[in-house]
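Visitor: Just the structure for this:
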Amino acid sequence: MKVKIRKELLEYLLQLARDFYPNEFGGFLREKDGIFEEVLIIPKGYFGKSSVYFDTWLLPHDENIKGTVHSHPVPSSRPSRTDVSFFSKFGGVHIIIAYPFKEESVKAYNSEGREIEIEIIE
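Guide: Below is the predicted model of the structure:
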């Protein structure tokens, strides 16, 4: 399995991670024609130093939401047990952006927490 993400979206996500640092940020990824194109940041979220919380009832019903993204303000992009538990509830693809928030520190995982390849689309 491979996840495809638009380069502009990836650059925006990296900037969000930098802007929220030293806190985490999180959002939901919208896909169009098999490529992640947009991120949705849910209102009234809590973005802390070690976690992100948001009310999923505020998430719009949108069948194009196929994944999640969040940052880790530490150099590890490995999903925590809490991350994997969250992944299993939402399925799809999950991207973690680790400090120092460079393209090399971005990893994608499936709903079981197994790493999957990322393809950046121009």
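Visitor: Pull the contacting residues for the spatially most central residue of the chain.
Guide: Taking Cα atoms, centre = their mean as the criterion, residue 69 is the residue nearest the geometric centre of the chain, at 0.8 Å. Contacts for residue 69 (Cβ atoms under 8 Å, 6 or more residues apart in numbering) come out as 13, 26-29, 39, 94-97. Glycine gets a C-beta too; all of them are placed from N, C-alpha and C.
Visitor: show me where pLDDT drops low in this protein?
Guide: 43-48, 51-59 (pLDDT under 70).
Visitor: cutoff 80 now
Guide: Applying pLDDT under 80 to the chain flags residues 42-61, 90-91.
Visitor: Flag every buried residue along the top helix by length along the chain.
Guide: When the chain is parsed with DSSP state H, its longest helix is helix 7-20. Buried positions in helix 7-20, judged by neighbour count with 16 or more other Cβ atoms under 10 Å: 9-10, 13-14, 16-17, 20.
Visitor: which one of the residues you listed is nearest residue 76?
Guide: The closest of those to residue 76 turns out to be residue 17 (Cβ to Cβ; 13.6 Å).
Visitor: my guess is the closest one contacts residue 71, does it?
Guide: Yes - with contacts counted by Cβ atoms under 8 Å, residue 17 reaches residue 71, the gap being 3.9 Å.
Visitor: who touches both of those two?
Guide: Contact criterion Cβ under 8 Å, 6+ apart; residues shared by residue 17 and residue 71: 25, 97, 99, 101.
Visitor: Output those residues in TSV; the columns should cover secondary structure, distance to residue 89 and neighbour count.
Guide: Listed next are the shared contacts of residue 17 and residue 71 as TSV, based on DSSP: H, G, I helix; E, B strand; the rest coil; distance: Cβ to Cβ, whole Å; neighbours: other Cβ atoms under 10 Å:
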residue	secondary structure	distance to residue 89	neighbour count
25	coil	19	21
97	strand	20	25
99	coil	25	17
101	coil	26	20
